[in-house]
Each structure stands twice: as structure tokens, then as C-alpha cells.
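In: I would like the atomic coordinates for the input below:
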Amino acid sequence: MSAARPYLIDPEAIARWAAARGYRKLLLQAPDGIKRFAAEVAGELESRGFEVLLSASHAWGGCDVALTELAGTGCDALVHVGHHGPVRFKAPENVLFLPAYSTVRVEGVVESAAAKLSSEGLRRAGLLSTVQHIHQLKQAKRLLTEYGIEALISKSPDPMMPEGLAIGCDVRAAERLLGLVDAFIVVAGGMFHALGVALATGVRTYAADPYTGRVAEVGQVVRRAVARRLANLASALEARSGVLVVSLKPGQRVDWPRVKALRDLLLRRGLELRIVVCDDVSRDVLQDYGGAEVYVNAACPRLAVDDGNVFPGPVVNVRELELVLERGLERYEPRYALQPP
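Out: Below is the predicted model:
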């Protein structure tokens, strides 16, 4: 394995797993930022006698697994690189999830986070990360302790998720620390995961980005996101025509009777929905079906929060809308935005 790679992807682990099961033809899937390194791994596997095909599809998370491509290519097995495991579905036995651990060091950004929390009088923090940095979380906890910050690490109730892991639609590891911490530190690239933690908990949250070395409190981003959610929900409650966007991704597939019940409920309230079925949700595809006053998203809930421009109009999540219809807009809570359908 090349030491120059920014991600640790172990071809030996793949080879052992496949050989033990008699798999010779493999389909390799990876997120966009990791594809080029997965391609190098494919070459190493081929040198060991495996036939390897590369999936061109996106891999946004453990919910987005190339099972259709696996069946269509006649491969023996799928190796999904970059995520911890399946999300909200049971993967077949011929699917291997292989995390890609980052080689970027986290010490500097963790020290910066400790200094920022200390300067603001915050002494107890929940500590989380993405799977790329999960192997460095205990080291980060020790470092925070040295700087006088008590770091607590919890775990999602999902048995597939390791301790301290946060993903886009599951930040329950943070929710379990409510009332025990003054703030959260999320070690990850960008603000995506920290925003999810802040929306779910309402606790001050810091994004500690080891790639840029920056530590940023996400409060302003949260306020903007909540304002958009409330505006879009208000539009949905007034709309008369809309589109219900359904995903075919394995971990995003909807409960059709429940979707039909919501559609019927909205029809009685004067909102008529057309259903559009997608794999990847695309603005171009949705526009081809004509305009709509509102889009009801039954795919990944983070699309509505972080990628609202994918939809040609106001977008609300299925579960978010169900809860508002049940409890009223005045009782809206930001964590509704993260609820899977």
C-alpha cells in the first residue's frame, strides 16, 4: 500500500475476504473524492488475480449502495469503500463495507478547538467524527483532556456504527449526551456533519476541519438553515400542487403504504402530489416534469437541508412535514429536518 495515499484502503483485507468466499469478479464502489484511490486499489487486486470493475455511481453514504449495478454486471461481490456499513437496510452477504481512513493528522485542529472552548469557558464537550477520522478519536480525546477539556464519546443505537461516529442522518451519538456537555466538537471536513449535530441537539457545536485546520462554530449556519426550513414548510402548508420525490437507493426506499397515506392526507388538505421516482435526485429531471409549488422529499433528508437547490422550488422532508401537520408549525423543532422518511 502506497504511503502517499491520503486514505488508508487495505487491498489485502479485500483479497482475504473475497478469496475466503470464492469471489473472483468484484465491483468496486467509492465516494467521488475517493474514487481515484480506489482505482489504484483495483489495480493491486487485479495483480492478485481478481477481475475488478469500477462503479461510476455516486456513493453518498451507507444508504447508497450499487446493488443494481452488482446484479447487472454479473459480479460475484460488491466492495463499498469509504463508509462504515449499511444504513437502514440489511446488506447481502456478498457486500463488503471497507472504511477509508484519512491519513491527515488531527492534533493541530483539536488543539485549536480546545483553545477556543477554553476561551469561552466551555469545559465539557461531546466528541464525534466521520468514519475517516474515527481511528483518531481516542487520541483527540486524550489531547483535549491535556488542555483541560473533558471529552465524552457516545454511540448511536445502530449496532453497525462505531463509538463516536456521526453520519448525515444519524447523530444519535450526540443526542445521547444531551444535558451532559456544554458543546460538541465534530472532527470532519467542512460543516456538514457539525450542522447535523447542532440541528439535532440545539447545543453549541464546533466544526473542527483537519484539512483546513479551521475551527468554526456553526450557530449562524444553523439559524439560516432553520429559517429556510420554516419558510419552506409555510409554503408547503399553503401549496395546492406539488411533487413527491421518492428514491430507489437501498437505504432510502420508502414505505409505500405510508407514502400513500401521506399523499391522501395532503390531498384532503388541498395539496395534490405527483410522485417522481429517482435514483440520484436531479434538478434537471424534476424540471422536465414541469413546475410545482412545493417538493416533498422522501429521499435523503439532508438534501432538503444542504442541497435545496437540487429542487426547483421550496422543499420539505416527508417526516418533517408529517410532524408539522401533527403538532403545528409553531411547535417545529430543528431536529425534525433530519428525520428519515
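
In: what ranges do the helices span in this protein?
Out: Under the criterion DSSP state H, the chain contains helices at 11-21, 35-46, 67-73, 107-119, 137-146, 172-175, 192-201, 219-238, 256-268, 283-288, 301-306, 318-327.

In: Taking helix 35-46 as reference, get the angle to the first one.
Out: Inter-element angle recorded for helix 11-21 and helix 35-46: 50 degrees (by axes from the mean of the first three to the mean of the last three CA atoms, to 10 degrees).

In: same deal with the last one?
Out: For helix 318-327 against helix 35-46, the angle by the same axes, to 10 degrees is 130 degrees.

In: swap in the fifth one?
Out: With the same axes, to 10 degrees applied, the angle from helix 137-146 to helix 35-46 works out at 130 degrees.

In: list the buried ones in helix 137-146?
Out: Across helix 137-146, burial judged by 16 or more other CB atoms under 10 Å covers 137, 140-141, 143-144. All C-beta atoms are positioned from the backbone trio N, CA, C, and that covers glycine.

In: same thing with the second one?
Out: Within helix 35-46, the residues that count as buried by 16+ other CB under 10 Å are 35, 37-38, 41-42, 44-45.

In: what's the answer for stretch 252-267, then?
Out: Here stretch 252-267 shows 252-254, 259, 262-263, 266 as buried, counting by 16+ other CB under 10 Å.

In: closest to A234 among those residues?
Out: Proximity of the buried residues of stretch 252-267 to A234, judged by CB to CB, is greatest for L266, which lies at 15.0 Å.

In: For V296, see how far away the closest one is.
Out: Going from L266 to V296 by CB to CB, to the nearest Å gives 8 Å.

In: between these two, what contacts are shared?
Out: Common contact partners of L266 and V296 (CB atoms under 8 Å, 6 or more residues apart in numbering): 242, 273.

In: what's near enough to touch the closest residue to V95 other than its chain neighbours?
Out: Setting aside the residues directly before and after it, V95 is nearest to L78 in space (CB to CB, 6 or more residues apart in numbering), at 4.8 Å. Shown in contact with L78 (CB under 8 Å, 6+ apart): 26-29, 65-67, 69-70, 94-96.

In: Could you report the neighbour count for L248?
Out: 14 (other CB atoms under 10 Å).

In: Can you add mean pLDDT and distance to Q339 and give the helices of the chain back as a markdown table?
Out: Shown next, in a markdown table, are the helices of the chain (pLDDT from 0 to 100; distance: least, CB to CB, whole Å):
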| stretch | mean pLDDT | distance to Q339 |
| --- | --- | --- |
| helix 11-21 | 98 | 34 |
| helix 35-46 | 94 | 31 |
| helix 67-73 | 97 | 25 |
| helix 107-119 | 97 | 29 |
| helix 137-146 | 96 | 26 |
| helix 172-175 | 98 | 12 |
| helix 192-201 | 98 | 10 |
| helix 219-238 | 97 | 12 |
| helix 256-268 | 91 | 13 |
| helix 283-288 | 94 | 22 |
| helix 301-306 | 97 | 6 |
| helix 318-327 | 95 | 4 |
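
In: Could you say which of those helices is packed most deeply?
Out: Comparing the helices of the chain by mean neighbour count (mean count of other CB atoms under 10 Å), helix 192-201 comes out on top with a mean of 25.

In: elements contacting that one?
Out: Applying 3 or more CB pairs under 8 Å, 6 or more residues apart in numbering; DSSP states H and E, one finds that helix 192-201 contacts strand 124-129, helix 172-175, strand 183-187, strand 205-209, helix 219-238, helix 301-306.

In: If we use 7 Å, what do you get?
Out: Secondary-structure packing of helix 192-201 (3 or more CB pairs under 7 Å, 6 or more residues apart in numbering; DSSP states H and E): helix 172-175, strand 183-187, strand 205-209, helix 219-238.

In: Ok, which of those comes nearest P11?
Out: strand 183-187 (26.4 Å).

In: With only the CA atoms kept, save the closest one in CSV.
Out: Written as CSV, here are the backbone C-alpha positions of strand 183-187 (Å, rounded to 0.1, in the frame of the first residue of the first chain):
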residue,chain,number,x,y,z
ALA,A,183,-20.7,21.9,23.5
PHE,A,184,-19.9,19.4,20.7
ILE,A,185,-16.7,19.1,18.6
VAL,A,186,-17.1,17.4,15.3
VAL,A,187,-13.8,16.4,13.6
